[in-house]
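Participant: mind looking at a prediction? Sequence and model below.
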Amino acid sequence: MHTTKLIAACLVLVLVGVPTISFAKARGGSGGGFSSGSRSGSSGSMGSRGSRTYQDNGAKPIEQSTTARPSATPPPSMAGNPSTASRPAPAAQPSWFQRNPLLAGIAGGLAGTWLGHMIFGATDTSARTTEGGEGEQAAAGAGSSGMLLLLMVMGGGALWWYMRSRRTPAPNFSGLSRTSVASGSLLAESSRAGFGAAAVEEEMTSTDKAAFQQALIDVQTAWSHQNLAGLRRIVTPEMLDYFSTGLAEQASEGVANRVEDVVLGQAEVRESWSEGATQYATVSLCWRAKDYTISLAKQPGEQGYIVEGNAELPIETTEVWTFMRFGAGKWLLSAIQQVS
């Protein structure tokens with residue numbers, strides 16, 4: 001009883017502790033707003049990059065994402081046959097003795113009886129014949145043995161027929177397929193793009209690069225002003241959830257992070273590709289900005305107003321951002337990765 005309670009308590013602690021640890025990793029680093037604010041001790045990468053979410057692109061791997069991790073690589077013998085690799089192996093069939101314990105017991109009893117009669121019955125018959133010379137008893141014993149043998153043959157035939165009639169074919173899994181998410185949702189589009197279409201490399205135009213630069217400024221500005229409505233227009237729903245959680249944490253602590261005077265120094269498109277109707281671009285951004293945290297309980301100029309950072313000295317930050325869009329729509333921030 002005590003062991004069961006201890007196991008249950010450990011499971012509760014794990015379920016409660018995992019989200020806390022996961023969120024702590026979402027912030028940290030050396031400046032740059034929510035994704036790498038200096039108030040936590042570790043940096044984090046979050047978001048989704050379509051089918052390339054968990055691919056190595058030179059930045060730190062994605063730690064938080066709604067994209068499901070790919071399954072383990074199938075064995076080499078199954079790699080060349082996709083239909084075989086995707087088909088689950090049927091469960092091992094139990095033996096006939098396991099499926100029919102009653103009949104197996106009857107068969108074992110008959111066999112034991114026959115063997116016992118053959119050994120002890122024959123001995124007893126021989127002894128009686130030797131002592132009394134009673135040939136009739138020997139003949140009767142032989143007749144009984146023959147009758148028992150006939151019954152055994154008939155019983156074996158009945159068991160064989162019963163086993164053959166009860167035999168069922170192995171289950172066929174060829175009709176099973178991957179379960180899809182709700183049609184029309186953002187996750188459905190990403191799922192179809194990730195599994196149903198090959199990624200096609202795309203070239204970014206000067207207009208696209210200007211949109212990435214403006215998105216950097218807009219995201220940092222909306223974050224500094226705790227403007228979720230502004231963030232909703234320039235990030236994916238998944239990224240909005242991370243930003244919303246970060247702002248809620250700040251409100252609980254009575255502080256606010258400010259990222260001001262953002263100046264982009266260098267932008268490099270690392271990769272750009274399409275998955276069906278969805279287009280992705282991963283960009284390395286290096287910028288300078290004033291990044292500091294204030295206390296909402298203090299007024300400017302009061303001691304303790306600046307909780308962390310420097311309101312006058314800009315710092316340099318480099319991160320890898322991934323943007324996505326549907327068709328010719330607007331680019332939305334879908335992932336942030338720290339540099340390795």
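Facilitator: Perfect, thanks for sending it. Numbering: from 1, shown residues only.
Participant: buried sites along the longest strand seen in the chain?
Facilitator: Using DSSP state E to assign secondary structure, the strand with the most residues in the chain is strand 255-275. Judged by neighbour count using 16 or more other C-beta atoms under 10 Å, the buried positions of strand 255-275 are 255-259, 262, 267, 271-275. Quick note: C-beta positions are derived from backbone N, CA and C, even for glycine.
Participant: which strands and helices sit next to that strand?
Facilitator: helix 186-196, strand 200-201, helix 206-224, strand 278-295 (3 or more C-beta pairs under 8 Å, 6 or more residues apart in numbering; DSSP states H and E).
Participant: can we see that at 7 Å?
Facilitator: Judged by 3 or more C-beta pairs under 7 Å, 6 or more residues apart in numbering; DSSP states H and E, the packing partners of strand 255-275 are strand 200-201, helix 206-224, strand 278-295.
Participant: next, the distance between the ends of stretch 324-340.
Facilitator: Separation of the first and last residues of stretch 324-340 by C-alpha to C-alpha, to the nearest Å is 22 Å.
Participant: list the buried residues in it.
Facilitator: 324-325, 331-339.
Participant: quick one on the thing from earlier: make a markdown table out of the buried residues of strand 255-275 and add distance to T53 and pLDDT.
Facilitator: As requested, the buried residues of strand 255-275 are arranged in a markdown table below (distance: C-beta to C-beta, whole Å; pLDDT from 0 to 100):
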| residue | distance to T53 | pLDDT |
| --- | --- | --- |
| V255 | 31 | 97 |
| A256 | 31 | 97 |
| N257 | 27 | 97 |
| R258 | 31 | 96 |
| V259 | 26 | 96 |
| V262 | 27 | 96 |
| A267 | 22 | 94 |
| E271 | 13 | 96 |
| S272 | 16 | 96 |
| W273 | 13 | 97 |
| S274 | 16 | 96 |
| E275 | 11 | 96 |
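Participant: of the residues you listed, which pair is most distant in space?
Facilitator: The most widely separated members of these, counting by C-beta to C-beta, are V255 and S274 (41.1 Å).
Participant: what mean pLDDT does the helix or strand where M154 lies have?
Facilitator: Taking DSSP states H and E as the criterion, the element that holds M154 is helix 135-166. Confidence over helix 135-166 (mean pLDDT, whole number) is 66.
Participant: go on, stretch 283-303?
Facilitator: 96.
Participant: could I have that stretch exported to PDB, CA atoms only?
Facilitator: Included here for stretch 283-303 are C-alpha records, laid out as PDB according to Å, rounded to 0.1, in the frame of the first residue of the first chain:
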ATOM      1  CA  VAL A 283      17.100  33.000 -41.300                       C
ATOM      2  CA  SER A 284      20.100  33.800 -39.100                       C
ATOM      3  CA  LEU A 285      19.500  37.300 -37.600                       C
ATOM      4  CA  CYS A 286      22.100  39.400 -35.800                       C
ATOM      5  CA  TRP A 287      21.000  42.600 -34.200                       C
ATOM      6  CA  ARG A 288      21.800  45.200 -31.600                       C
ATOM      7  CA  ALA A 289      19.200  46.500 -29.100                       C
ATOM      8  CA  LYS A 290      18.800  47.900 -25.600                       C
ATOM      9  CA  ASP A 291      17.500  44.900 -23.600                       C
ATOM     10  CA  TYR A 292      16.600  45.400 -19.900                       C
ATOM     11  CA  THR A 293      14.000  44.400 -17.400                       C
ATOM     12  CA  ILE A 294      12.200  46.900 -15.100                       C
ATOM     13  CA  SER A 295      10.100  46.600 -12.000                       C
ATOM     14  CA  LEU A 296       6.400  47.500 -12.400                       C
ATOM     15  CA  ALA A 297       6.300  48.600  -8.800                       C
ATOM     16  CA  LYS A 298       8.900  51.300  -9.200                       C
ATOM     17  CA  GLN A 299       9.000  54.600 -11.100                       C
ATOM     18  CA  PRO A 300      11.800  55.500 -13.500                       C
ATOM     19  CA  GLY A 301      14.800  56.800 -11.600                       C
ATOM     20  CA  GLU A 302      13.900  55.000  -8.400                       C
ATOM     21  CA  GLN A 303      16.300  52.600  -6.900                       C
END
